[in-house]
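# take this sequence and fold it.
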Amino acid sequence: MSNFITRRREPFRFMVWLGIASSVMLFTILLVTYIIRRTGPGWVDVKLPNVFLISTVVIVLSSFTLHNANLAFRHERFSSYRINMASTLVLGTLFILLQGWGWRQMILAGVGLKSNPAGSFVYIISGIHLLHILIGLIFLVIALIEALRRRMYVDSFVYSVNPPNQLKIKLITLYWHFVDILWVGLFLFLLAHHRLDLQLPI
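Modelled structure (predicted):
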């Protein structure tokens with residue numbers, strides 16, 4: 001019976017992988033367009049706010065906390081699972097705030113959407129990625145609420161051995177690790193073409 005339920009949930013796994021493949025294609029097109037446009041007129045490299053570096057560290061840490069949450073979930077350490085899920089949610093939210101702070105620094109430095117195509121690409125690339133993060137946060141919130149509603153060990157155990165719930169946590173983790181790795185790749189790409197602004201953010 002459990003295998004039958006799991007098989008019924010397999011379309012969700014397919015949908016996640018399809019979403020990941022679509023995102024890879026989207027960002028590949030964006031980066032190729034970036035490289036082509038960079039050789040055109042009016043392109044002036046911009047300084048990346050150092051807050052982007054801080055946000056990168058934060059998002060990497062969130063992958064570790066979510067990994068710890070998965071280990072705790074599988075080993076029935078449900079209190080640790082809830083703490084690590086909450087930590088992942090906090091770090092993901094902090095990432096968004098830091099990205100917004102980085103945009104503010106760019107605006108204060110005179111980098112607008114229309115003033116320089118280089119700045120426009122930075123806003124577009126980081127903005128589309130931020131939408132991916134927001135989607136991940138929604139599912140993290142749902143998973144955390146479900147965990148907080150089951151504080152009793154028996155309720156948590158019954159939830160943890162349910163195959164659809166196990167699959168849900170795996171898919172959330174897969175997606176979150178993907179958007180984390182995606183940002184690291186995007187940040188390194190941008191860093192290879194722009195200098196990092198080493199001034200302290202205000």
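# got the contact list for G42?
Counting by Cβ atoms under 8 Å, 6 or more residues apart in numbering, G42 touches N116, P117. In short, each C-beta sits where N, CA and C put it, glycine included.
# which stretches in the chain count as helices?
2-38, 51-74, 78-108, 117-148, 153-160, 163-193 (DSSP state H).
# those helices: lowest mean pLDDT?
In terms of average pLDDT, helix 153-160 trails the rest of these, at a mean of 66.
# how many neighbours does G119 have?
Here the number of neighbours of G119 (other Cβ atoms under 10 Å) works out to 22.
# hmm, I was thinking of A21
Using other Cβ under 10 Å as the criterion, the residues surrounding A21 number 10.
# hmm, back to that, quick one: which of the helices of the chain is nearest V44?
helix 117-148 (5.9 Å; Cβ to Cβ).
# from the chain's centroid, how far away is that closest one?
Relative to the chain's own centre, helix 117-148 is displaced by 6 Å; criterion: Cα atoms, centre = their mean, to the nearest Å.
# pull out the buried residues from that helix.
117-122, 125-126, 129-130, 132-133, 136-137, 140, 143-144, 147 (16 or more other Cβ atoms under 10 Å).
# give the contact list for K168.
K168 touches F12, A143, counting by Cβ under 8 Å, 6+ apart.
# next one: it from R150, what distance?
14 Å (Cβ to Cβ, to the nearest Å).
# cool, and H67?
21 Å.
# picking up where we left off before, need the helices of the chain in a markdown table (columns: distance to V44).
Shown next, in a markdown table, are the helices of the chain (distance: least, Cβ to Cβ, whole Å):
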| stretch | distance to V44 |
| --- | --- |
| helix 2-38 | 10 |
| helix 51-74 | 18 |
| helix 78-108 | 13 |
| helix 117-148 | 6 |
| helix 153-160 | 54 |
| helix 163-193 | 12 |
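# which one, of these, ends up nearest to D45?
Comparing the helices of the chain by Cβ to Cβ, helix 117-148 comes nearest, at 5.7 Å.
# which other helices and strands does the closest one contact?
Helix 117-148 is packed against helix 2-38, helix 78-108, helix 153-160, helix 163-193, with contacts defined by 3 or more Cβ pairs under 8 Å, 6 or more residues apart in numbering; DSSP states H and E.
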